[in-house]
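Visitor: Got a sequence here, can you model it:
(chains A, B and C)
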Amino acid sequence: MYGDLGNKLVQHAKRTQNLSHLPPYQTELVRAVTREVRDLDKDVADLLEPFQGSFNPANDQATACTLLVNHLSMRRNKRCLLAYHRTRADRLEELVWKGYDVVDLAGQQVRDGQGGFNGPPGMATGNGGTSSLSPQEEDYVRQYSDLLAAYKGQWTDIDLTGSLEPPRDLFIDVRVLKDAGEIQTEYGAITLTKNSQFYVRQGDVERLIAQGYLQKLS
Amino acid sequence: MDIDDILREVDPTFDSIPEDTRDLQALTRAWVAERSSPELLDWPIDGLFERINERIKQQIEKIEEMTGDMDPKTNFALIVIQTELERYKYLVRSYLRARIAKIDKHTLHYLSNPVIRARLSPPELAYATRHQALLHNHYLSSFLSSFPAPLQNLNDTAGNISMIDAPDLDTAVFIRLLGDTRVEGRGTDEDGAMDGKNGDIVILRWSDAKKLVDTGVAEIV
Amino acid sequence: MSYYDIDAILTDAEQKKVPCKFELDVPELGYLDNNPSQPLKAGTSIGLPLWLAEPLALTSRSPNNPEDSSSSFVTLDLPPSLSNEVMSALKADPRAVPLRDQSHNFYGLGTRMLDVFEEAEICAILRRTFVTRAADIALHARKAGATEDMGVGAGEEFLRGLEEWERKLFRKAHEGAKGTKEWMERVKKY
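Guide: Numbering: from 1, shown residues only, chains lettered A, B, ... in the order given. Okay, the predicted model is just below:
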């Protein structure tokens, strides 16, 4: 019946909430639910057509009931679609805050042919050859990144996207998990090659830890 | 100094405390309150954050000046100042992030009327407005634009559920009384009331605690 | 309740649907009874999801005569998960019933239905059930924290019977216990 497909979308959203990666966008389902709304809207127009704008619900209760069911089904589908997109958008925003290049990651995995990216970002790609994001989502990520950059820019000295753990030590020991090239610190340049260890200022490497290049040793 | 000590220091000695210490107290309090309250609190309008920004800048400059110095004594001072700066920056960051998280969650609610909108700082307001516009656009381009026009709104309150999500003001909070006062709280089965003493810590619904916090006889902990 | 809340939306479409008796013939709605070519007859009882059942029951079909509140399109009945049998079982021992088998969103559905039905007894039973089970959940959550095997063995069996609110409660209680433990250890260290 109407609304069943919408419910499937929401079940996808529920699953997404419990996953560490973002599963592929359900292009077909979204299209089908949207089509359902248009069909329902057409039904409503057809039902009302003979009345020429003078429909009185009290006089024709059966039609009124049908109209109500159609209307509720459209609203239901709308809610399902919105909740599905919102759940995904929330997840994308979270990744932007963490500093990942979301669009690039989603594509990169496709090129590597990996099903499940093993690092923290994890963008699974189901049907090989496409990104797990819809083109609209890619646009959204780009625009949201710009927005965040603009907001961050108002707080140049704070680094809003920095760690939300209360700082304990100024300097920490880190191990390099992936080659990360050379970074500049106030004590000079350090070349981060895989498996090496350094004693560095936490503020200088926070971003690299979040991105999975470095591991903090306690 | 313990955070509790900072927080317990109330008005009588206020003028003898230097402004920068007072600002740190205000920041700490705002931070604790914002993290614990279910809804967005007022952005401080007395220029607190302008002063804080200025001080952070000064400290960063100072650190840059001191870094060139190889004297061990300076080096030790440098570490102390840097540690302090990191903690200060953490307070500001954590405070701002707590606010942004609330704004993101209920954007339309915070934009819905001028009284609530006034709680946001100008950059937050700009961010929220733009964020909402981006989301709306995203929905439109993904599916919403092919909907019949009457169904394209995101702020419908008709039907049995409002599209504008709002924070749950009945969430429980802990407050500390800053003076003797009567505390009244609503419950599921019956309401409760007690004569609270200065320093008492009470748990109750934010909707009941709010008036005590707003009038300054209690603070969120 | 929140518009975008995934659990709330799923509650509205529970598999075990709400029995609705249609009060009038509706030619176009035969499909609701899996019979699109036939009109839906007055008196037909079908299970509908809550999102459809509730507004149908609450909307008056003669809007010009608001006094006549009895004239809605459908009459609701309580869903199976709130049936007498389930209530008796809960009365006997709230902990013995795997609520999840009744409904993934048992309490969510319950609160929604009690908005429509005046059922003081069901209300009392649900509350007692929640409180009794919550204590049990807190206990399990602490234990899971102590042995570090959350989600394995006995823990998993216990979790399986919990509905969504209870699972959330379990996670919170577990995180709380873990957080306290970590904090205490840090305090000792410094």
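Visitor: C-alpha only now, for contacts and for neighbours.
Guide: Will do.
Visitor: pLDDT on the longest helix anywhere in chain A, on average?
Guide: Ranked by residue count and defined by DSSP state H, the top helix of chain A is helix A:61-97. In this model, helix A:61-97 has a mean pLDDT of 94.
Visitor: buried ones in it?
Guide: Buried residues in helix A:61-97, counted by 16 or more other Cα atoms under 10 Å in any protein chain shown: A:61-89, A:91-93, A:95-97.
Visitor: what's the helix or strand for the residue nearest the centre of chain B?
Guide: In chain B, the residue lying closest to the centroid (Cα atoms, centre = their mean) is B:E34, at 3.0 Å. Secondary structure assignment for B:E34, by DSSP states H and E: helix B:19-36.
Visitor: Please identify the buried residues of that helix?
Guide: Buried, per 16+ other Cα under 10 Å, within helix B:19-36: B:22-36.
Visitor: Give me the helix or strand of chain C that scores worst on average pLDDT.
Guide: helix C:154-160 (a mean of 77; mean pLDDT, DSSP states H and E).
Visitor: what about it, near chain A?
Guide: No - remark: helix C:154-160 sits outside contact range of chain A, by Cα under 8 Å from any Cα of the partner chain, the gap being at least 15.4 Å.
Visitor: now do stretch C:22-29
Guide: Yes - counting by Cα under 8 Å from any Cα, chain A is contacted by stretch C:22-29 at C:L24, C:D25, C:V26, C:P27, C:E28, C:L29.
Visitor: who's in contact with C:D5?
Guide: Applying Cα atoms under 8 Å, 6 or more residues apart in numbering or on different chains, we find C:D5 in contact with A:A83.
Visitor: What of the one 4 residues further on?
Guide: Taking Cα under 8 Å, 6+ apart as the criterion, C:I9 is in contact with A:V10, A:C80, C:Y3.
Visitor: Centre of the chain to the helix or strand hosting it, how far?
Guide: Using DSSP H and E, C:I9 sits in helix C:6-11. Here the centre of helix C:6-11 is set off from its chain's centre by 10 Å, with Cα atoms, centre = their mean, to the nearest Å.
Visitor: Just the CA trace of the next helix or strand after it, in PDB.
Guide: Per DSSP H and E, the first helix or strand lying C-terminal to helix C:6-11 is strand C:18-22. Output of strand C:18-22 as PDB, limited to C-alpha atoms (Å, rounded to 0.1, in the frame of the first residue of the first chain):
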ATOM      1  CA  VAL C  18      -4.000  -1.000  14.500                       C
ATOM      2  CA  PRO C  19      -7.300  -2.600  13.900                       C
ATOM      3  CA  CYS C  20      -9.700  -0.100  12.300                       C
ATOM      4  CA  LYS C  21     -13.400  -0.600  11.500                       C
ATOM      5  CA  PHE C  22     -14.700   1.500   8.600                       C
END
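Visitor: Start and end of stretch B:37-55, how far apart?
Guide: 28 Å (Cα to Cα, to the nearest Å).
Visitor: Not counting it itself, show me its contacts.
Guide: A:157, B:23, B:27, B:34, B:99, B:102-103, B:118-121, B:167-169, B:171, B:173, B:206, B:220.
Visitor: Show me how to select, in PyMOL, the buried members of these.
Guide: In PyMOL syntax, the buried subset of the contacts of stretch B:37-55 is picked out as below (16+ other Cα under 10 Å):
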select buried, chain B and resi 23+27+34+99+102+103+119+120+167+173+206+220
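Visitor: Return the subset of the contacts of stretch B:37-55 lying in helices.
Guide: Those of those lying in helices (DSSP H): B:D23, B:L27, B:E34, B:R99, B:K102, B:I103, B:W206.
Visitor: quick one: the residue located most distally from the centre of chain A and C:R61, what's the gap?
Guide: The centre of chain A is farthest from one residue, A:N59, which by Cα atoms, centre = their mean lies 48.4 Å away. Note on A:N59: its distance to C:R61, by Cα to Cα, is 10 Å.
Visitor: Also B:L151?
Guide: For B:L151, the distance to C:R61 - Cα to Cα - is 23 Å.
Visitor: the more surrounded of these two?
Guide: Neighbours per residue (other Cα atoms under 10 Å in any protein chain shown) separate B:L151 from C:R61, with C:R61 holding more: 25 against 16.
Visitor: give the contact list for that one.
Guide: Listed by Cα under 8 Å, 6+ apart, the contact set of C:R61 reads A:P57, A:A58, A:Q61, A:A64, A:C65, C:S71, C:S72, C:F73.
Visitor: ok, the fifth one - contacts?
Guide: What it means is A:C65. Per Cα under 8 Å, 6+ apart, neighbours of A:C65: C:V26, C:L56, C:R61, C:F73.
Visitor: Please work out how many residues are found near B:S112.
Guide: Residues contacting B:S112 under the criterion other Cα under 10 Å number 12.
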